[in-house]
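Engineer: Give the three-dimensional model of this entry:
(one chain, ligands or ions: 1)
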Amino acid sequence: MRARRTHIVGAGIAGLSAALAATAEGGEAILYEAAPQAGGRCRTLYPAGGFTHDNGTHVLFTANRRAIGFLETVGARQLWIEPEPDGLPIHDAGTEQTSRIGLSPWSWLFPSRRPRGLGLGDLGRLLRLALCSSDRPVAELIGDRPIMKSLIEPLTIAVLNTPAMEASSQRLGFALRRLVRPGAGKLLVARHGLDEDLVRPALDTLQARGAQLLTGQRLRCVLTGHDRAIGLALTDRTVALGPDDRVVLALPPWEIARLMPNLPVPDRFEPILNIHYRICGLDRPRFLGFVGTLAQWVLIRDNHVSVTVSAAGELVDRNSNEIASAIWREIAPVLGSLGLDAAASRQPETRVVKERRATIRQAACPLPQPPLLPLANVALAGDWIGSLPATIESAVIAGQEAIMALQHAYRTRLPAAAPHPQRVEHAA
Ligand SMILES: Cc1cc2nc3c(=O)[nH]c(=O)nc-3n(C[C@H](O)[C@H](O)[C@H](O)COP(=O)(O)OP(=O)(O)OC[C@H]3O[C@@H](n4cnc5c(N)ncnc54)[C@H](O)[C@@H]3O)c2cc1C
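Structural biologist: Got it, this is the predicted structure:
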């Protein structure tokens, strides 16, 4: 019997996850990617001059079980390491003090790991946030409390890439519930970079399973007939689809809007700004948070330092050189205190990466969601599908669920436009 073939358009994490799921039991998969390389928003840049760095720092939590499962499947789990096992250092520019906080609420039993200003009443507020049934802006739910600045605002921006004044309490609550599980609050970063520690291992695994990746192939349109996709018009070819062939469109919402204009999709996005300084760093990566500065998170690698500014709407249109200089002056003294040869007056070679549509804006209002199967043999995937924070974890889940939905539709011959299934939060 011929193995069923899955055509996956988009080789970001959702597309790679769909390809792994499709090939797990011997199925065939072909990936079509518009860019010259796989990875999408998780990619390493190799500019001329040899200063290699990721587009932006990506962190995972041990709570991200499906993302961790993805790493295990491709043999890359050990490449993701915990840079701050003793608690996350947070530097407050106002007090010029650095203190450590635990990311797991259990660690707050120790005063030395407690977020600054955390009082007994705040535990009730955090519980309400974690369990809240109605969606409200995070800032409105927490109120004007010291933990807003020391914990909630940085966490909201890091997880949802949306300012706390607008961000969805339900999406953040989902992340908080997961962090409560024992061992779930460890923060991980790629040891070397996203290409080496995430994308390449996935491609190697897929290649070993016989999957193909065709880069430089942009999907121009989906050819349809009788509620099914019958062909894919790509950059330089048209692929005819057989009766058993199925398609996953693992694409961002604006591409789905172009290809299938009648589908409801999110249309508001938030930028992330990444500034990379080429400087001799530390052998083992370090990761620090900053409050009261433009810089929010700083990752120190052996040959460069990367700064992340999420929800960067106010900065993204400003002159890149000016932003990079201002941020360098903020972080240089702290880098110096960690033993790096960094002086505010000597800014090293710098690259600024502006991701204008880094994620959807995850505000406290229902976001437009298309059906998971807009056509009988086509499923959608991407970090923006569903109601989880738009991250690597949701991209992995979306890829897996797209394949499950297609398998189910094939078995039951579901009509097109089946409703999006309720996502369940699985117990550990
Ligand atoms: C700077 C930055 C920092 C981030 N930090 C974190 C973090 O710390 N932790 C975390 O979990 N997440 C983080 N994220 C989010 C994470 O990167 C995304 O959630 C995830 O990569 C989304 O994967 P995806 O496959 O859904 O989409 P994408 O990565 O966007 O993949 C879509 C793919 O489709 C391709 N494509 C588009 N149109 C076409 C077409 N017509 N035909 C063929 N191919 C097409 C694109 O080139 C792309 O490769 C960050 C994102 C950014 C930008």
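Engineer: May I have the secondary structure class of residue 411?
Structural biologist: helix (DSSP: H, G, I helix; E, B strand; the rest coil).
Engineer: for the chain, which spans come out with low pLDDT?
Structural biologist: Residues of the chain meeting the criterion pLDDT under 70: 1-3, 413-428.
Engineer: can you give me the helices for it?
Structural biologist: In the chain, the segments counted as helices under DSSP state H are 13-23, 65-73, 120-131, 138-142, 146-147, 153-160, 169-180, 194, 200-208, 253-259, 320-337, 392-412.
Engineer: quick one: whichever residue of the stretch 51-200 of the chain sits closest to the ligand from residue 383, how far?
Structural biologist: Of all residues in the stretch 51-200 of the chain, the one sitting closest to the ligand is residue 56 (2.6 Å; Cβ to the nearest ligand atom). To be clear about C-beta, it is placed using only N, CA and C from the backbone, and glycine gets the same treatment. With distances taken as Cβ to Cβ, to the nearest Å, residue 56 is found 14 Å from residue 383.
Engineer: ok, now residue 113?
Structural biologist: 30 Å.
Engineer: now do residue 350
Structural biologist: Distance, residue 350 to residue 383, by Cβ to Cβ: 28 Å.
Engineer: higher neighbour count, those two?
Structural biologist: The neighbour count for residue 350 versus residue 383, taken as other Cβ atoms under 10 Å, is higher for residue 383 (27 against 21).
Engineer: Which residues are in contact with the closest residue to residue 320 other than its chain neighbours?
Structural biologist: Closest residue to residue 320 apart from its sequence neighbours, by Cβ to Cβ, 6 or more residues apart in numbering: residue 352 at 4.0 Å. Residues in contact with residue 352 (Cβ atoms under 8 Å, 6 or more residues apart in numbering) are 273, 274, 275, 276, 320, 321, 323, 324.
Engineer: just the residues you listed that are near the ligand?
Structural biologist: Under the cut-off given by Cβ under 6 Å from any ligand atom, the ligand has residue 274 from the contacts of residue 352 close to it.
Engineer: Go through the contacts of residue 352 and say which is closest to residue 134.
Structural biologist: residue 273 (32.4 Å; Cβ to Cβ).
Engineer: And for the closest residue to the ligand within the stretch 101-250 of the chain, the neighbour number?
Structural biologist: For the stretch 101-250 of the chain and the ligand, the shortest gap (Cβ to the nearest ligand atom) falls at residue 219, measuring 3.7 Å. When neighbours are counted by other Cβ under 10 Å, residue 219 registers 22.
Engineer: And it, how far from residue 247?
Structural biologist: From residue 219 across to residue 247, the span is 9 Å (Cβ to Cβ).
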